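Trainee: got a sequence here, can you build the structure:
(chains A and B, ligands or ions: 2)
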Amino acid sequence: MSGGPSPAPWLDLRPSQLQRHPADGWVLPDPMPLGAWTSRSLAGVIRAMLPIGAAGAPVDAATQAEVDLAVRVTLRCMQPPLARGLMLLFVLLDLAPMWAAVWRPRLGGLRRLCATDGPGAEARSQRDAELLEALSHCGWGALRDAVTAARAAILTAYYDLPQVQRAIGHDPLPHLRDRIALRQRLLQGGVGGPADHLSPSATEVAAWGRR
Amino acid sequence: MGPPLSLGRGVGDEPHRHASASGATGGSASAAAGSPARRLPAADQLRAGPDHRDGDVHHCDVVVIGTGAGGAAAGATLAEAGLDVIFVEEGAWHPTSSFSPWLSETLPRLYRDAGTTLLYGRSTFLAAEGRCVGGSTVINGGMCWRPPASVLAEWAARIGPDFGEAGLDPLFARAERDLSARPQDPWSVGGDNRLMAQGAERLGWRHDRNHRNHDHCVGANTCILGCVTGAKQSTLVSYMPRAMAAGARALTELRVDGLCIEGGRCVGVRGAAVDRRTLQSSARVEVRARAVVVACGAIQSALLLLRHGVGRPSGQLGRNFVTHPNAKVLAVYPDPVRAWQGVSQWGQVREFHEQGIVLAENMGPPGIIAAAVPRLGRAAWAAMQQYDHMILSGVLVEDTSSGRVRRGPFGLSWPSYSITDRDLAQFLTAMRRLCELHFEMGAERMYLSISGVDEIRHPDQLRQLTPDRIRISQMELFTPHLMGTVRLGADPRTSVVDAAGALWDLPGCYVADASLFPTPIGVNPQITITALALRVADRLAETLRLATGRAPRSSPVARSSSVPA
Ligand SMILES: Cc1cc2nc3c(=O)[nH]c(=O)nc-3n(C[C@H](O)[C@H](O)[C@H](O)COP(=O)(O)OP(=O)(O)OC[C@H]3O[C@@H](n4cnc5c(N)ncnc54)[C@H](O)[C@@H]3O)c2cc1C
Ligand code: SF4
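Mentor: Ligands and ions are numbered 1, 2, ... in the order given. So this is what the prediction gives:
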């Protein structure tokens, strides 16, 4: 692994810090403004989909706010009718404990997903995640697709956060710095050697498998 | 070069874009990409979003809409032929130095609709398109395959020998040289690719090494987020710098929403600048030209032309939309594979290519993998602990049907496409085979992109993957390959443009992108798009040069492997 200063300091910036990109001056679109009800709904669905209570999982308010920001920027970039559809979907999913109670009484209840106060909040979050997961496997295709869309929007944003990636043992930056430095070396006439190969090696891989 | 694009005013609190950007690229960009030349073009050649002024009118010989696989190649060829070229591009010019591994930054910058474009049908699914200078080539995998001989034989039979294997060979060779198509170096290959090759070998299946468009690819594996090393020869770092060196100009963050038609002839385009913060239209701009080249990609080109009611003789405009849909298998191994390191698709399993099936790995960052794991909350967290053990792989199935691009309700674009029952059977066969390969190599479990199918832990479970148990609506498909819609042909009754890419019913208007494909090709399309665009541009250059008697500006340069961009 090559040491020294980062050849690409912008790699260390988090997207939410990129008010103006240092290398091209471009700005991220403004997050979509949402009404108070929809805002709470989105927060509720985010909470139900994040690993609340899992050991080591960053789920503090700041992290939830970063996911919220990324989802709203995506909403801004979507075709407006589709964005409105996704917002409506967040509202419907927020109410899922009520309408799905008929179908899954154990997981339902007279509350919104965003109602997180009071005792037993963590256990409720777990039930909410189970409820949404059950909906994503249900027999009604439109509902399945809806939960899949919400899951993709929220979990993509969550697992994209550097603190979350670190918590699952992933840090892409040293690898990228190493590769950028390797290419610079190659362009200057250097040659790649065994130390530049990516692991696991061909021999290791050949040893895997059922035979 | 045409008249310089004068420096415009900045908007609001933004410093002048060119000043700020070139300042930044002089530092980090050059360091990142290994060359001081890797910066934004000079301000007299590039005008970006905030600098467009309401009522601006530009003049040139040829205006090219779009800077992707087709548009950039066509524009560079025309500029090098001595013509005054203006590119109009809806996305922004993001240099290599600005690429990062973060999806939530990259999707809004480089992808149309931040990656949420949908194709509607029996199973509605996602399609990816680039929206930046370089178009989809900035976010593609760089795989480079010529179409099979059988496809080119059909093209020759439909259109003429120029579109057969021998007729297109010089164009393919030129495109491959321009884009530096070649095999990978060993240090760019990661464990997942080796594992796929090893699995294929054990099963006695053919595994072919890809040629990719690259110059010293080192296996960073951010191809779909913009290559952070500059190795992938997207048009951003290949044809666009060539075009600019030959004097072309570019108007970026400007969305074309109409053609200027006068006296039955296309004489330019008009559009609106895209506000960076709101993505709403702002300043109205017009570009007047002797010829217009439409290269917005298969969906957007069709939508633009549909506004003008052209393509009437055949009624084929927007039809013949083909997509090479693919489905995913996420395999989890007992040992760390670190599939996120190493080039995407060093090779492909091509044992079943004759049946229209290709298998390959294509790992993504954690955000993409999380969307592929059908779990939420703590269960998703538990699964994601094994990110290092995962390989995302896919099956690509050749189209047997086609869809249609239309303008939908509420201003929506409405690309529709449905797989057939036969395709479903193909998908399930292909996914079973891919799972077999992973089991052979010791995978513990797999998640398939089929809703309602839980994780696969034993080969016996693969028996449930049959068309009598799985419905089309359960398939969670994805496509990065959008083709057809403005079919090229020899007969105005069955095609929209002629063999020179000119619209049959709108003189002055040409098409040079993926929408030209007369049929699906069954392989990654970029090099074919580029070859067709080169042909359109060569012929157009000849036509316009004959009319003006102007000499070529510079002969096309053979790219050395280290030419920076
Ligand atoms: C994730 C991904 C992976 C891929 N992998 C491979 C691969 O490995 N190999 C391969 O061969 N192919 C691959 N492809 C496909 C290949 O990149 C595309 O088929 C090809 O780039 C399409 O070329 P095009 O010129 O038709 O359109 P594009 O390259 O998409 O360019 C169209 C351009 O037009 C602009 N535009 C659109 N509408 C307007 C408008 N109204 N006004 C102004 N500008 C406009 C867009 O912003 C865009 O920049 C991949 C694609 C993706 C998305
Ligand atoms: S693998 Fe890395 S270096 Fe190679 S083309 Fe992709 S992003 Fe660039």
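Trainee: which strand or helix spans the closest residue to A:Arg111 other than its chain neighbours?
Mentor: Spatially, and ignoring its direct neighbours in sequence, A:Arg111 is nearest to A:Pro97 (5.4 Å; CB to CB, 6 or more residues apart in numbering or on different chains). For the C-beta atoms, the positions are set from N, CA and C on the backbone; glycine is no exception. Using DSSP states H and E, A:Pro97 maps to helix A:96-99.
Trainee: ok now that helix, how far from the chain's centre?
Mentor: On the basis of CA atoms, centre = their mean, to the nearest Å, helix A:96-99 sits 24 Å off its chain's mean C-alpha point.
Trainee: on that earlier part again, do you know the pLDDT at the residue nearest to A:Arg111?
Mentor: A:Pro97 is assigned 88 on the pLDDT scale.
Trainee: can you check B:Asn193 too?
Mentor: 93.
Trainee: is whichever strand or helix holds it positioned near ligand 2?
Mentor: Applying DSSP H and E as the criterion places B:Asn193 in helix B:191-203. No. If you take CB under 6 Å from any ligand atom as the test, helix B:191-203 misses ligand 2, and the best it gets is 10.6 Å.
Trainee: now do whichever helix or strand comes after the helix holding A:Pro97, average pLDDT.
Mentor: Remark: after helix A:96-99, the chain's next helix or strand is helix A:121-136, criterion DSSP H and E. For helix A:121-136, mean pLDDT rounds to 83.
Trainee: burial measure for B:Ala157, as a count.
Mentor: Close neighbours of B:Ala157, defined as other CB atoms under 10 Å in any protein chain shown, add up to 11.
Trainee: which ones are touching the residue in the stretch 101-250 of chain B that ligand 1 sits nearest to?
Mentor: Residue nearest to ligand 1 within the stretch 101-250 of chain B: B:Gly135 (2.5 Å; CB to the nearest ligand atom). B:Gly135 makes contacts with B:Gly66, B:Thr67, B:Gly68, B:Ala69, B:Gly71, B:Ala72, B:Glu89, B:Gly91, B:Glu129, B:Thr235, B:Gly297, as judged by CB atoms under 8 Å, 6 or more residues apart in numbering or on different chains.
Trainee: how does it look with 10 Å?
Mentor: Applying CB atoms under 10 Å, 6 or more residues apart in numbering or on different chains, we find B:Gly135 in contact with B:66-72, B:89-91, B:110, B:112, B:129, B:234-236, B:295-297, B:300, B:513-514, B:529.
Trainee: A:Leu131 is in contact with A:Asp94, correct?
Mentor: No. Using CB atoms under 10 Å as the test, A:Asp94 is too far from A:Leu131 to be in contact (11.6 Å).
Trainee: what do those two both touch?
Mentor: Counting by CB under 10 Å, 6+ apart, the contacts common to A:Asp94 and A:Leu131 are A:Ala48, A:Leu113.
Trainee: ok, now how distant is the residue nearest to A:Arg111 from B:Asp44?
Mentor: 60 Å (CB to CB, to the nearest Å).
Trainee: do you know how far the residue of the stretch 101-250 of chain B closest to ligand 1 is from B:Leu179?
Mentor: Counting by CB to CB, the gap from B:Gly135 to B:Leu179 is 14 Å.
Trainee: which residues are in contact with both of these two?
Mentor: With CB under 10 Å, 6+ apart as the test, B:Gly135 and B:Leu179 both reach B:Ala69, B:Ser234, B:Thr235.
Trainee: just the ones of these in helices?
Mentor: Under the assignment DSSP state H, the shared contacts of B:Gly135 and B:Leu179 contribute B:Ala69 to helices.
Trainee: between the shared contacts of B:Gly135 and B:Leu179, which is nearest B:Leu506?
Mentor: Nearest to B:Leu506 out of these is B:Ala69 (CB to CB; 23.0 Å).
Trainee: quick one, what contacts the residue of the stretch 351-500 of chain B found nearest chain A?
Mentor: Nearest to chain A in the stretch 351-500 of chain B, going by CB to the nearest CB, is B:Gly377, at a distance of 2.9 Å. Residues in contact with B:Gly377 (CB under 10 Å, 6+ apart) are A:47-54, A:57, A:59, A:125-130, A:132-133, A:155.
Trainee: please repeat the previous calculation with a cut-off of 6 Å.
Mentor: Contacts for B:Gly377 (CB atoms under 6 Å, 6 or more residues apart in numbering or on different chains) come out as A:Pro51, A:Ala129.
Trainee: how's chain A carved up into domains?
Mentor: A:31-170, A:174-209 (automatic domain parsing).
Trainee: any idea how far the closest residue to chain B within chain A is from ligand 2?
Mentor: Minimum separation of chain A from chain B (CB to the nearest CB) falls at A:Ala129, amounting to 2.9 Å. Note on A:Ala129: its distance to ligand 2, by CB to the nearest ligand atom, to the nearest Å, is 34 Å.
Trainee: once you drop chain neighbours, what's closest to that residue?
Mentor: Residue nearest to A:Ala129 in three dimensions, not counting chain neighbours: B:Gly377, with 2.9 Å by CB to CB, 6+ apart.
Trainee: so for that neighbour, what's the pLDDT?
Mentor: For B:Gly377, the predicted pLDDT is 93.
Trainee: can you pull the residues of chain B lying near ligand 2?
Mentor: B:142, B:188, B:214, B:217-223, B:227, B:229, B:231-232, B:343.
Trainee: show me where the stretch 401-550 of chain B has its helices.
Mentor: B:421-440, B:526-548 (DSSP state H, counting those that start in this stretch).
Trainee: what about the last one, average pLDDT?
Mentor: Pointing back at helix B:526-548 there. Helix B:526-548 shows an average pLDDT of 94 in the prediction.
Trainee: go through it and flag the buried ones.
Mentor: Neighbour-count burial for helix B:526-548 flags B:526-541, B:544-545 (criterion: 16 or more other CB atoms under 10 Å in any protein chain shown).
Trainee: among those residues, which ones lie close to ligand 1?
Mentor: Among the buried residues of helix B:526-548, the residues within reach of ligand 1 (CB under 6 Å from any ligand atom) are B:Gln526, B:Ile529.
Trainee: pLDDT weak spots in the chain?
Mentor: No chain was given, so I picked chain A. Counting by pLDDT under 70, chain A shows low-confidence ranges at A:1-12, A:16, A:18-19, A:105, A:107-108, A:117-119, A:210-211.
Trainee: hmm, no, I was thinking of chain B.
Mentor: Low-confidence segments of chain B, defined by pLDDT under 70, are located at B:1-39, B:550-565.
Trainee: please name the residues that touch the most centrally placed residue in it.
Mentor: Centroid check for chain B by CA atoms, centre = their mean gives B:Ser136 as the closest residue, at 3.0 Å. Going by CB under 6 Å, 6+ apart, B:Ser136 touches B:Gly68, B:Glu129, B:Gly130.
Trainee: most neighbours, which of the residues you listed?
Mentor: B:Gly68 (35 neighbours).
Trainee: settle this for me: A:Gly109 is touching A:Pro97, isn't it.
Mentor: Yes. When contacts are counted by CB atoms under 6 Å, A:Gly109 is listed as touching A:Pro97 (4.8 Å).
Trainee: how many other residues sit next to the residue of chain A found nearest ligand 1?
Mentor: Closest residue of chain A to ligand 1, CB to the nearest ligand atom: A:Cys77 (12.9 Å). Around A:Cys77 there are 21 other residues, counting by other CB under 10 Å.
Trainee: do the same with B:Val343
Mentor: Around B:Val343 there are 29 other residues, counting by other CB under 10 Å.
Trainee: and it, how far is that from B:Ala245?
Mentor: Distance, B:Val343 to B:Ala245, by CB to CB: 28 Å.
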